[in-house]
Every structure is written in C-alpha cells, then in structure tokens.
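Peer 1: I would like the atomic coordinates for the input below:
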Amino acid sequence: MKRYLILKLLAIHLVVIGFVMIIVWLAIDTLAAGYFVTLMEKYNISPEPAHAMFVDAVHRYLLWASLAALLLAAVLSFVMMRRVLSPLSRMTAISREIATGKFDVRVPAESRDEVGQLARAFNRMAESLEAIEALRRGLMIDVAHELRTPLTNMRGYLEALNDGVLPPSPSTFALLHDETLRLVQLVEDVLQLARADAARSRLVPAPQDMGRLIREAFEALAPEIDRRRLGVRYSLPASPVMAAVDRRQMVRVLRNLAQNATRYCPAAGQIDVALYEADHQVRLDIANPAPELLERDLPYIFERFYRGEKSRSREHGGAGIGLAIVKELVDAHGGRVEARLEEERICIRLTLPREAA
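Peer 2: You can find the predicted model right below:
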C-alpha cells in the first residue's frame, strides 16, 4: 500500500511541476521574448540573432531547473512520504495480526499530526477489541461453568440410580428436580437477556408511578427479606413521581435490582431505596452492603455472566445476567444505569427521562 500511495503522491508533485514549467515556458515565449525584442529595437540593435540566443538559453536553463526540481521532488517525496506513511504500513500489518486473534499489539503513536491521531484511535479500537474478546472468553467459560455444575450433578445421580448404588427415594428425585430447575432458570435468564436486547423496538411507554413500582418490587421479595432479616428503608417523595416507561419492562428492571440487592446483601443488612427528581429526570438509588465487591469490579457488573464474588460458590445463586438485563432495558428507555462503591456499600443509580425516549 505504501509504495502505491507514494507513487500517487509523487505523480501529483510531478504534475504540478510540469504545469508550472509549461506556464513559465509560455510566459517566456510570449512575454519575455517580446520585451527582449522591444528593448533591442529601442537601442537600434538587430534582435534576430540575440533573440534566438536569449530564447534558447532561457529554455535550456528552464529545462535543467525543471529536471532538478523533479529530482528533488522525487527524493523528498519518497523520504517524507515513507516517513509519514510508515505508521499506516504498521497499521496494515497489525490489523492482520488482530484479524488472527492477537489483540495485544499496538501501533507506535509518536507524532501529534493526523497520522498520530489515527494511530491513537487505532490503538483505542484495538484495546476495545481486546476487552470485548476477554469478555467473550469469560462468557464462554461462565456459560460452561453454569451448565456443567447441574449437569454433572444430574449425571452422578442418574448413574448412581442406574447402578443401584442410590435408591430411588423421594429425596433423590427432589435433588434431580432442583438441578433441573437450575438448568431451566439459566435458560430462562438467557432468554430474558435476548428479549431485553430486542426490547428497544417494542417498548410501549406510558406514565407510571415509579414509587409504587419500587414498593411492589420489594414486596414481592418479602419472604426472602424476612428470612434473611434484611431491612428496607425507603426515601420516597410524598407525591407520585411519574416517568414514561413500559410498565412490563420496568417491572422486570426493578425486580432484578431488588433481587440483586436482596441476594447479595449480608444477613441482617440494610437496603436503602431513594427516589427523587433532578434536572427533569427521575433518579433511583438502591444501596446495600457489599463487602466482597472490589472497586475494579464496578466497570463489569453490568456485563453478561459477570459476578463479583470470586469464590463462585452457589451461596448467592444466579448466573450474573440480572444486571445485564437491567442495563439493556434502561438503555432502551433512553436512560442510564451506573454503580459506585462507598465504604463497602454499593449504590446502583438508575436515571430515566420523565418523557418517553
């Protein structure tokens, strides 16, 4: 690519030099030669021999100057264009490496001109691709992990039943039923995520009382909240806070947030729920203790199959899809969702426009 582009740029320079040479040549033949004849006649000197010598000399020097200019243009164009286009050549080579799956390569961005800006933009793209590839690999590992555990348990029970090692008792069938439900729940979570991806074109927004929807979401989890002795402290305005949302999809968002807070809040912990209006927007903050969560986890908690607990035990359950569904549906409403960690408490903020997006 570099060689052909250099030839194109060199051809442009040669065309410009050739055009200038033709203009100068014509100017000499039409103007300078005429002035020379007039000057010779003024001093009563025969212009014919001198005129021919003058024109021949000017043409000769013009040709030599043009050849020198062409040579200089060729050398400078080759040197400068090679230096300028070198990052582009490296980008071409590195893009081939990226195409083969090697995402850790980068282009040196030394200059501050347009080529340097292009190199830095290329590096940012490579970093994004590397992050996406890492998430994809993690996704495959997580899906395999989520599927392997219940399938391995079911296989063990079925082999034990088949070999007569384990009696076909109601407790054994109950264990098999639980593992089957875990598989069904995982498939349902993935299906909900796929539906959330496609929800943007099917939203039917209408004014909804967000305070009421929030209370209903936590009230649906009352048995789990009572069992774990959790406290839910509401900070809701006295008057209704309305937002134009799709009720069915927003109920799913709020229930996922409520389930996330309830599931990961330590026993006897406190969940704070605050709803308010700011800058013609509706904001919801849900905060709960999260001693196991680290600051570096925050950028990824809305990614699919990502879970903050490092042990990956089944204590909390879930497949790490709930918050990913929340983000997809909130984005579809034209809002945003973000998380911050303060003194071992995570606060998830949901921001929605009051009018339909």
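Peer 1: all helices for the chain, in order.
Peer 2: Per DSSP state H, the chain has helices spanning 2-27, 33-42, 47-99, 114-163, 170-197, 210-219, 222-227, 247-264, 322-332. These are given in chain order.
Peer 1: which one of those lies closest to residue 234?
Peer 2: For the helices of the chain, the distance to residue 234 is smallest for helix 210-219, at 7.2 Å, taking Cβ to Cβ. Every residue, glycine included, has its C-beta placed from N, CA and C.
Peer 1: what angle do that closest one and helix 247-264 make?
Peer 2: Orientation check (axes from the mean of the first three to the mean of the last three Cα atoms, to 10 degrees): helix 210-219 against helix 247-264 gives 50 degrees.
Peer 1: for residue 346, which of the helices of the chain is the nearest?
Peer 2: helix 247-264 (8.1 Å).
Peer 1: got the buried residues for stretch 243-251?
Peer 2: Neighbour-count burial for stretch 243-251, counted by 16 or more other Cβ atoms under 10 Å, picks out 243-246, 249-251.
Peer 1: what is the nearest of those to residue 132?
Peer 2: residue 249 (25.9 Å).
Peer 1: what's the least confident stretch among the helices of the chain?
Peer 2: Lowest mean pLDDT of those: helix 33-42, a mean of 62.
Peer 1: re earlier: which one of the buried residues of stretch 243-251 is nearest residue 89?
Peer 2: Ranked by distance to residue 89 (Cβ to Cβ), these are led by residue 249 at 49.3 Å.
Peer 1: can you tell me the closest non-neighbouring residue to the closest one?
Peer 2: Spatially, and ignoring its direct neighbours in sequence, residue 249 is nearest to residue 329 (5.0 Å; Cβ to Cβ, 6 or more residues apart in numbering).
Peer 1: number of residues surrounding the one you found?
Peer 2: Counted by other Cβ atoms under 10 Å, the residues lying close to residue 329 total 25.
Peer 1: and residue 60, by the same measure?
Peer 2: For residue 60, the count of nearby residues is 10 (other Cβ under 10 Å).
Peer 1: ok, residue 83 next?
Peer 2: Residue 83 has 11 nearby residues by other Cβ under 10 Å.
Peer 1: how about the contacts made by it?
Peer 2: Shown in contact with residue 83 (Cβ atoms under 8 Å, 6 or more residues apart in numbering): no residues.
Peer 1: what do you get if the cut-off is 10 Å, keeping everything else the same?
Peer 2: Residues in contact with residue 83 (Cβ atoms under 10 Å, 6 or more residues apart in numbering) are 111, 115.
Peer 1: one more: residue 75?
Peer 2: Residue 75 touches nothing, counting by Cβ under 10 Å, 6+ apart.
Peer 1: would you mind measuring from it to residue 81?
Peer 2: 11 Å (Cβ to Cβ, to the nearest Å).
Peer 1: now residue 91
Peer 2: Residue 91 is 15 Å from residue 81, by Cβ to Cβ.
Peer 1: could you list the domains of this structure?
Peer 2: 2-102, 204-353 (automatic domain parsing).
Peer 1: please identify the most buried of the ones you listed.
Peer 2: domain 204-353 (a mean of 17; mean count of other Cβ atoms under 10 Å).
Peer 1: endpoints of that domain, how far apart?
Peer 2: Domain 204-353 has an end-to-end distance of 15 Å (Cα to Cα, to the nearest Å).
Peer 1: burial measure for residue 109, as a count.
Peer 2: With neighbours defined by other Cβ under 10 Å, the count for residue 109 comes to 16.
Peer 1: surely residue 241 touches residue 274?
Peer 2: No. The pair residue 241 and residue 274 does not pass the contact test of Cβ atoms under 10 Å, sitting 11.1 Å apart.
Peer 1: need the overlap of contacts for these two.
Peer 2: Residues touching both residue 241 and residue 274 (Cβ under 10 Å, 6+ apart): 214, 283-284.
Peer 1: ok, now which ones touch the spatially most central residue of the chain?
Peer 2: The centre of the chain sits closest to residue 128, judged by Cα atoms, centre = their mean, with a distance of 6.0 Å. Going by Cβ under 10 Å, 6+ apart, residue 128 touches residue 103.
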